[in-house]
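> Here is the input, now give the coordinates:
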Amino acid sequence: MKRLFLMSIGIVFIMAPVAIQAQERSPLGNGNFAVKLDYIAFTDDYFSDLDRSDLYLGVEGYSKITPNVYLGGEIGSASNDMLFSGITYSYLPVELNLKYAIEATPNLVVDFGAGVSYVYFEIQHKTYWLKSAESDDWILGGQFFADLTYKIHRWSIGVHANYQITEDFEDPALGYDLDLSNWRLGVQMGIIF
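Model prediction:
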């Protein structure tokens with residue numbers, strides 16, 4: 001009877017960490033990294049008058065804080081280039097985000113979060129081969145986002161939506177401030193580790 005009791009205690013001590021670890025399984029691993037390709041649309045009417053859509057390319061990385069909470073960031077870029085004349089701009093946000101992830105099914109993860117950003121924006125007003133005016137600045141912002149990620153072993157693919165609110169950008173050439181708030185919709189592909 002003593003042996004059976006000691007063996008039972010031994011099995012409990014061996015199996016307890018495995019059971020605890022299984023309960024604390026993180027939906028997106030200990031960390032994850034992804035590359036994003038998005039459609040970006042600025043909310044200011046000035047950008048809608050330029051009559052074109054723009055692409056945003058970004059990379060993100062997150063590390064687990066608790067089994068469902070991740071801290072990380074994203075850096076990306078959107079720009080346009082008019083060869084002869086027009087308006088060209090470069091948009092580069094650097095984001096620090098916190099997100100909460102839930103495993104909806106064994107391979108499907110839903111996450112949502114928010115964060116702060118520091119955005120570099122540069123705009124040039126060109127006429128044919130000459131630059132007529134140029135201005136740039138760093139501005140503060142914040143964003144809200146949601147992702148839907150499908151896991152395939154260590155790989156992930158997904159879709160996401162992001163809305164970013166920023167301070168106004170002062171453009172002396174236009175004579176008024178631009179609102180750089182924007183929304184992004186896109187796809188992502190990454191790795192979970």
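
> where in this structure is pLDDT low?
In the predicted model, the chain carries pLDDT under 70 at residues 1-24, 49-53, 81-85, 127-131.

> Could you find the residue nearest the spatial middle of it?
E74 (5.0 Å; Cα atoms, centre = their mean).

> Need the contact partners of stretch 88-96.
With contacts defined as Cβ atoms under 8 Å, 6 or more residues apart in numbering, stretch 88-96 is touched by 40, 56, 71-82, 115-124, 126, 141, 143, 164, 180. (Each C-beta comes from the backbone N, C-alpha and C, glycine too.)

> Could I have the buried ones of those residues as PyMOL selection syntax?
Those of those that meet the burial criterion (16 or more other Cβ atoms under 10 Å) are gathered into one PyMOL selection, given here:
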select buried, resi 40+56+72+73+74+76+78+80+115+117+119+121+123+124+126+141+143+164+180
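
> that older thread, wait, the residue nearest to the centre of the chain sits on K99?
No: counting by Cβ atoms under 8 Å, E74 sits too far from K99 to count as a contact (10.7 Å).

> which phi and psi does N68 have?
When quoted as degrees, to the nearest 10, the phi and psi of N68 stand at phi -120, psi 0.

> need the next SSE after the helix or strand that contains S90, C-terminal direction.
Secondary structure from DSSP states H and E places S90 in strand 86-105. Using DSSP H and E, the helix or strand that follows strand 86-105 in sequence is strand 108-127.

> Mind giving me the packing neighbours of that next one?
In terms of contact count using 3 or more Cβ pairs under 8 Å, 6 or more residues apart in numbering; DSSP states H and E, strand 108-127 is assigned the packing partners strand 69-80, strand 86-105, strand 130-152, strand 155-166, strand 168-171.
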